[in-house]
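A.B. asks: Using only what follows, build the 3D model:
(chains A, B, C and D)
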Number of protein chains: 2
Amino acid sequence: MSRRPATPARATHRGRTTYHHGDLPQALRDAATRLVAEHGADGFTLREAARSVGVHHAAAYRHFADKRALLAAIAEEGYVTLARRMQVADAAAPVTDVLERVRRIGAAYVAFARKEPSLFALMTGPRLNEDGRFPSLEAALRGCVDALEAPLRAGQASGIVRKGAVGMQAMTILTLLHGYAEFVLTRRIQVKPTRVAELLATLLEPALRGLQRH
Amino acid sequence: MSRRPATPARATHRGRTTYHHGDLPQALRDAATRLVAEHGADGFTLREAARSVGVHHAAAYRHFADKRALLAAIAEEGYVTLARRMQVADAAAPVTDVLERVRRIGAAYVAFARKEPSLFALMTGPRLNEDGRFPSLEAALRGCVDALEAPLRAGQASGIVRKGAVGMQAMTILTLLHGYAEFVLTRRIQVKPTRVAELLATLLEPALRGLQRH
DNA sequence: ACCTGAACACCGTTCAAGT
DNA sequence: ACCTGAACACCGTTCAAGT
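C.D. replies: Down below sits the predicted model:
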């Protein structure tokens, strides 16, 4: 542990002088995240990721079981980022206007999908999850549900939102958000970039009305 | 056009005696549909499709520009089937109970996704649509929207459903349906197979309430 | 313990040549 | 007009061997 250079993080393919890589797992995750964003998850290859960090392609197998395991790792990182963005959006809204909070959280979900379309597709698509592998990914939606439950619970407490299972109310919103995000990404809904949030608000309207008391 | 065998459709790899295939494009579409269902769109290869119908793999390029074009063709067929299933489900519901009709149409959408998960993922996923190719696929959702608009329009006429843009109301429902289908397929929502329709009805409830008058 | 070399069994795509 | 042979430039994965 002392033979390594003082700044192992800078030991990239340009400047690597040692046989061992500084932190190859993280370097591969970073490269994969970048390459997926550039070429899509379909165009991503393990060999290019290894090349871009300056190691032999077989080296990746010391740290990840296979290509899918590496992709699953970056998908998990994506879910953490997504949940954080939703929470930040919530915090920026007036605390007592719970419906507006839900709208802002929703806008953050869709904005993330539009900003990182390939990562979002990887995170939510069937590529990693059709079989039972990566159960951590199956639970990854938890953070998004939590973000939506906060304003809904507050709304129930203040009497704005109907009493009932807050988890179900959150899932109603989340399924709608997700379907909208997917349709926008795949051009099934053709909407001008400047109008994405506006259309989302329109589509959310009936669901929000149905969640209100009276 | 007279040198071909009398039953060109039976000219498969087992019994083919002529140099020319009976209807290679359709045979390739059929093989692709079957193989995608078996191994998923990720596991699908052009070479295996060609092998399974008994032609050289390069022969496919006479009829389809590339692998994606073949997949786009079967995705389009899938949308036709899906829209038909939704219409059939609608027809099976009591005509005047427009909300029940929407529920049944929704159940048909989700049932299709569960019955043909790989085809559904191919149809709705970004694999074929991230660039602007295959505009016919972008319009393919039209049939699904139409199916939902019918009961909503009837509901507006009979005063059960709020007045307003019926297209927006249909998209509210459809985005929710699609998000739910995706979450179920990718195990983001863990629900027993027997409870899928029931949970859908629960999640739809707020949206349906919001669409009603009063 | 971590990485490389070399190999295996595949792909998608192209293009000249066969029927 | 339609299909095949042969080739090209890749993949993911494995495993013995190097440091």
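A.B. asks: buried set for the host helix or strand of residue A:210?
C.D. replies: Residue A:210 is part of helix A:196-211 when elements are defined by DSSP states H and E. For helix A:196-211, the neighbour count (16 or more other Cβ atoms under 10 Å in any protein chain shown) marks A:196-197, A:199-200, A:203-211 as buried. The way it works is simple: take the backbone N, C-alpha and C, and place the C-beta from them, glycine included.
A.B. asks: Just the buried positions in the helix ranked longest in chain A, please.
C.D. replies: What stands out as the longest helix in chain A, according to DSSP state H, is helix A:67-91. Neighbour counts over helix A:67-91 (16+ other Cβ under 10 Å) mark A:67-68, A:70-76, A:78-79, A:82-83, A:85-87, A:89-90 as buried.
A.B. asks: who touches residue A:166 in this structure?
C.D. replies: A:149, A:152-153, A:156 (Cβ atoms under 8 Å, 6 or more residues apart in numbering or on different chains).
A.B. asks: how close does it sit to residue A:189?
C.D. replies: 28 Å (Cβ to Cβ, to the nearest Å).
A.B. asks: next one: residue A:54
C.D. replies: Distance from residue A:54 to residue A:189, by Cβ to Cβ: 42 Å.
A.B. asks: Next secondary structure after the lowest-mean-pLDDT helix or strand in chain A?
C.D. replies: Lowest by mean pLDDT, DSSP states H and E among the helices and strands of chain A is helix A:135-138, with a mean of 94. Sequence order places helix A:142-158 as the next helix or strand after helix A:135-138, per DSSP H and E.
A.B. asks: Buried residues of that next one, list them for me.
C.D. replies: For helix A:142-158, by 16+ other Cβ under 10 Å, it's A:143-145, A:147-152, A:154-156.
A.B. asks: if I look at the residue nearest to residue A:164 when sequence neighbours are not counted, how far off is residue A:108?
C.D. replies: Of all residues not flanking residue A:164 in the chain, residue A:156 sits nearest, at 7.7 Å (Cβ to Cβ, 6 or more residues apart in numbering or on different chains). Distance, residue A:156 to residue A:108, using Cβ to Cβ: 22 Å.
A.B. asks: What of residue A:22?
C.D. replies: The value you get for residue A:22 to residue A:108, if Cβ to Cβ is used, is 34 Å.
A.B. asks: Pick out whichever of the two has more residues nearby.
C.D. replies: Neighbour count, other Cβ atoms under 10 Å in any protein chain shown: between residue A:22 and residue A:108, residue A:108 has more, with 23 against 17.
A.B. asks: and the more buried one, what does it touch?
C.D. replies: Applying Cβ under 8 Å, 6+ apart, the residues near residue A:108 are A:85-86, A:88-90.
A.B. asks: Look at it and report its pLDDT.
C.D. replies: Listed pLDDT for residue A:108 reads 98.
A.B. asks: hang on, it in a helix?
C.D. replies: Yes: counting by DSSP: H, G, I helix; E, B strand; the rest coil, residue A:108 is found in a helix.
A.B. asks: Spatially nearest residue to it, not counting backbone neighbours?
C.D. replies: residue A:89 (3.7 Å).
A.B. asks: for the one you found, what are its contacts?
C.D. replies: A:104-105, A:107-108.
A.B. asks: Which element, helix or strand, includes the nearest residue to residue A:186 once chain neighbours are set aside?
C.D. replies: Computed as Cβ to Cβ, 6+ apart, the closest residue to residue A:186 that is not its neighbour in sequence is residue B:129, at 4.4 Å. For residue B:129, there is no host helix or strand (DSSP H and E).
A.B. asks: I figured residue B:129 was touching residue B:138, is that so?
C.D. replies: Yes: with contact defined as Cβ atoms under 8 Å, residue B:129 and residue B:138 form a contacting pair (6.8 Å).
A.B. asks: For the two, list the residues in contact with both.
C.D. replies: Listed as contacting both residue B:129 and residue B:138 by Cβ under 8 Å, 6+ apart are A:186-188.
A.B. asks: Put together a markdown table for the buried residues of helix A:142-158, with pLDDT and distance to residue A:63 on each row.
C.D. replies: Output for the buried residues of helix A:142-158, formatted as a markdown table (pLDDT from 0 to 100; distance: Cβ to Cβ, whole Å):
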| residue | pLDDT | distance to residue A:63 |
| --- | --- | --- |
| A:143 | 97 | 25 |
| A:144 | 98 | 28 |
| A:145 | 98 | 31 |
| A:147 | 98 | 31 |
| A:148 | 98 | 35 |
| A:149 | 98 | 36 |
| A:150 | 98 | 36 |
| A:151 | 98 | 40 |
| A:152 | 98 | 40 |
| A:154 | 98 | 43 |
| A:155 | 98 | 45 |
| A:156 | 98 | 46 |
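A.B. asks: which residues touch stretch A:63-80?
C.D. replies: So stretch A:63-80 is contacted by A:24-25, A:28-29, A:32-33, A:36, A:41, A:44, A:46, A:49, A:60, A:116, A:119-120, A:122-123, A:127-128, A:133-134, A:136-137, A:140-141, A:143-144 (Cβ under 8 Å, 6+ apart).
A.B. asks: Is that stretch in proximity to DNA strand D?
C.D. replies: Yes: shown here: stretch A:63-80 in contact with DNA strand D (Cβ under 7 Å from any atom of the strand) through A:66-68.
A.B. asks: ok, of those residues, which one's closest to residue B:172?
C.D. replies: residue A:68 (34.9 Å; Cβ to Cβ).
A.B. asks: Check the gap between the closest one and residue A:135 for me.
C.D. replies: Distance, residue A:68 to residue A:135, by Cβ to Cβ: 14 Å.
A.B. asks: So for stretch A:129-137, what gets flagged as buried?
C.D. replies: A:129-130, A:134, A:137.
A.B. asks: Thanks a lot, catch you later.
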